[in-house]
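In: what's the 3D shape of this:
(chains A and B)
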Amino acid sequence: MITLLKRHQIIIASLLLCLFSLHLASADRKGTGGTVLVKGLLDLTVAPVQSAILQTKNSFKELWQGYVYLVEVNQENEALRKDVNRLVEENNKLKEELWLNMRLKELLAFKESAPFSTVAAGILGFNRGAGWIRTVKLNKGTKDGINVDMPLLSPDGVVGRVVEVSRHTSTALLLNDPRSNIDVILQRTRVKGVVEGNGTGGLILKYVRLLEDVQVGARVVTAGHSGIFPKGLLVGEVRAVEKGEDNFFNYIEVKPGANLKKLEEVLIVTDNGYPVTTKDKTLR
Amino acid sequence: MRDFLIFLPITLFFLALKSTLFEGLPLPDLPIIIVFYIAYARPSLAGVVLSFVLGYIDDVFSGAVIGSTSLSLVFVFALVHLLSKKVHFSTAGMMALGATVMALLKFTAAYIILSSFNTHIPFLAYVLPAVLLTGLFAPAVISVFSWLNLSKAPHAPKGGIP
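Out: Sure, this is the predicted structure:
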């Protein structure tokens, strides 16, 4: 009997434990099962492990979410940076358009008020060769009715004159080029003189005698004697008056009325009432 | 006693992981693999008691009907022990098949017990993934147990454990 029991001890134990399990299940169903001790043991053993695992899990979760969040923030930041760049570019373009619009409005107003025919031209480029040359390339040529010696104007005053023309473009000599000579008069005192470029971007008023009344700030306008510039156009204003080295003439510095460094559009006077000289199309 | 010292902490750790890190994920039933392994490779009275204890802890831990899992695991232990005299669970395929069948039995038993409590639970939706995963992981887990040389069967079954 004992041998039989020993031989089948596993099966017998299994059966007994199965029955015991059924009893436990039955007791649990009736609510009389006593699991307090086991639960207490589990609380002591498993609960800390669960807690540690949960803490680790939460730490990883936070780290992961933080990382993902940072990645998203980085991506969002990149997208926003691109948006900002695009908007800045757009804003610049709009500002540019606005300024162009304002300049053109001003030019148009000047064109409409001017008692002579003009053609608006854009400046393609500035030429400052050899340090003292001051010419500009214009986007209008003979096909637009442009000819040499046609004056260039801006709303702020005289700019220069056309010296070379091709079919589609032309070259203009700026007021402050040393080769430029314009007959002028002082608006208030009617003193005559000639404005030339001084070689450094400024203007000098020549041939005004020492005894003439010249005040700093006096407005200098075209005299209209050369047959190129219409009479009465603003050239600039007197900035400084000194005694000339020859003790006969004043040395007068004139500040150009037009901002010759920031020109972008000009008006070319195509019909000023004078006969246009078309002797040649070379730079004079 | 050695089995208790090894498999009890493993089971507790597994249950802790199952209830925290892998909560809601389908996992293989590690207790059934342990019971399957012990019943096949190291059948003993201690193994029966360990099966009961593992099931009991599982019940207490998971809040199931106390005794339902312990009944299943003890039943599985006895069945595997009886089958091991006829069937060799020596290959990975046989291990997987055996573990799958035992897992199915365990869940079926638990299902029957729960159903007797007028509890309606979806059988296939829950049981199938767990059963298949148990069968899938069983060979690897048993190999790990064998590699750790946890089993020093006093009377190793024919074919032994790889």
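
In: Excluding covalently adjacent residues, which one is nearest to the residue most central in space within chain B?
Out: Against the mean C-alpha coordinate of chain B, by Cα atoms, centre = their mean, the closest residue is B:Ile32 at 0.7 Å. Excluding the flanking residues, the one nearest B:Ile32 by Cβ to Cβ, 6 or more residues apart in numbering or on different chains is B:Ala103, at 5.0 Å. All C-beta spots, glycine's among them, are computed from the backbone N, C-alpha and C.

In: does that neighbour really touch B:Ala130, like I thought?
Out: Yes - applying Cβ atoms under 8 Å, one finds B:Ala103 in contact with B:Ala130, separated by 6.7 Å.

In: what about the two, which has more around it?
Out: Using other Cβ atoms under 10 Å in any protein chain shown, the more surrounded residue of B:Ala103 and B:Ala130 is B:Ala103, with 26 against 18.

In: Report the contact partners of A:Gly217.
Out: The contact partners of A:Gly217, taken as Cβ atoms under 8 Å, 6 or more residues apart in numbering or on different chains, are A:Glu237, A:Val238.

In: How about the secondary structure of the residue nearest to A:Leu152 when sequence neighbours are not counted?
Out: Once flanking residues are discounted, A:Leu152 sits nearest to A:Val159: 3.9 Å by Cβ to Cβ, 6+ apart. When classified by DSSP: H, G, I helix; E, B strand; the rest coil, A:Val159 comes out as strand.

In: How much space separates A:Val159 from A:Ile268?
Out: When distance is defined by Cβ to Cβ, to the nearest Å, A:Val159 is 9 Å away from A:Ile268.

In: All the strands of the chain, in order from the start?
Out: Chain wasn't specified; assuming chain A. A:117-127, A:135-138, A:151-154, A:157-165, A:170-174, A:181-186, A:192-197, A:203-206, A:219-222, A:234-243, A:250-256, A:265-271 (DSSP state E).

In: Actually, chain B is the one I wanted.
Out: Using DSSP E, no strands are found in chain B.

In: Count the neighbours of residue 54 for me.
Out: Reading this off chain A. 16.

In: my question was about chain B
Out: Around B:Leu54 there are 28 residues (other Cβ under 10 Å).

In: Now whatever residue of the stretch 151-284 of chain A ends up closest to chain B: closest residue in space, sequence neighbours ignored.
Out: Nearest to chain B in the stretch 151-284 of chain A, going by Cβ to the nearest Cβ, is A:Glu264, at a distance of 69.7 Å. Distance criterion Cβ to Cβ, 6+ apart; nearest residue to A:Glu264, sequence neighbours excluded, is A:Ile123 at 5.7 Å.

In: wait, doesn't that neighbour sit right on A:Lys137?
Out: Yes - counting by Cβ under 8 Å, A:Lys137 is a contact partner of A:Ile123 at 6.9 Å.

In: Do you know the pLDDT at the residue nearest to A:Glu264?
Out: Confidence at A:Ile123, expressed as pLDDT, is 83.

In: gap between it and A:Lys82?
Out: Per Cβ to Cβ, A:Ile123 is found 34 Å from A:Lys82.

In: Between those two, point out the one with more neighbours.
Out: Legend: neighbour count by other Cβ under 10 Å for A:Ile123 and A:Lys82, higher for A:Ile123 (16 against 10).

In: Please name the bridge partners of the more buried one.
Out: Note on A:Ile123: beta-bridge partners A:Leu138, judged by DSSP bridges.

In: so who does A:Leu260 touch?
Out: A:Leu260 touches A:Arg134, A:Val159, A:Leu174, A:Leu175, A:Asn176, A:Gly201, counting by Cβ under 8 Å, 6+ apart.

In: shared neighbours, A:Val159 and A:Ile268?
Out: Joint contacts of A:Val159 and A:Ile268 (Cβ under 8 Å, 6+ apart) are A:Pro151, A:Leu152, A:Leu153.

In: one step back: which one's more surrounded, A:Val159 and A:Ile268?
Out: A:Val159 (27 against 24).

In: Stretch B:39-57 close to chain A?
Out: Yes - counting by Cβ under 8 Å from any Cβ of the partner chain, chain A has neighbours in stretch B:39-57: B:Pro43, B:Ser44, B:Leu45, B:Gly47, B:Val48, B:Val49, B:Ser51, B:Phe52, B:Gly55, B:Tyr56, B:Ile57.

In: Including pLDDT, could those go into CSV?
Out: Shown next, in CSV, are those (pLDDT from 0 to 100):
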residue, pLDDT
B:Pro43, 85
B:Ser44, 85
B:Leu45, 87
B:Gly47, 89
B:Val48, 91
B:Val49, 92
B:Ser51, 91
B:Phe52, 90
B:Gly55, 88
B:Tyr56, 85
B:Ile57, 83
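
In: So which of these are in helices?
Out: B:Leu45, B:Gly47, B:Val48, B:Val49, B:Ser51, B:Phe52, B:Gly55, B:Tyr56, B:Ile57 (DSSP state H).

In: Can you tell me which of the residues you listed are buried?
Out: B:Gly47, B:Val48, B:Val49, B:Ser51, B:Phe52, B:Gly55, B:Tyr56, B:Ile57 (16 or more other Cβ atoms under 10 Å in any protein chain shown).

In: Who are the contact partners of the fourth one?
Out: Right, the one you point to is B:Ser51. A:Leu17, B:Val35, B:Ile38, B:Ala39, B:Ser70, B:Leu73, B:Val74, B:Val76, B:Phe77 are the contacts of B:Ser51 under Cβ under 8 Å, 6+ apart.

In: Helices - which of these land there?
Out: Members of the contacts of B:Ser51 lying in helices (criterion: DSSP H): A:Leu17, B:Val35, B:Ile38, B:Ala39, B:Ser70, B:Leu73, B:Val74, B:Val76, B:Phe77.

In: Contact partners for the residue nearest to the centre of chain B?
Out: Counting by Cβ under 8 Å, 6+ apart, B:Ile32 touches B:Leu73, B:Val76, B:Ala99, B:Met102, B:Ala103, B:Lys106, B:Thr134.

In: In terms of model confidence, name the weakest of the residues you listed.
Out: B:Lys106 (84).
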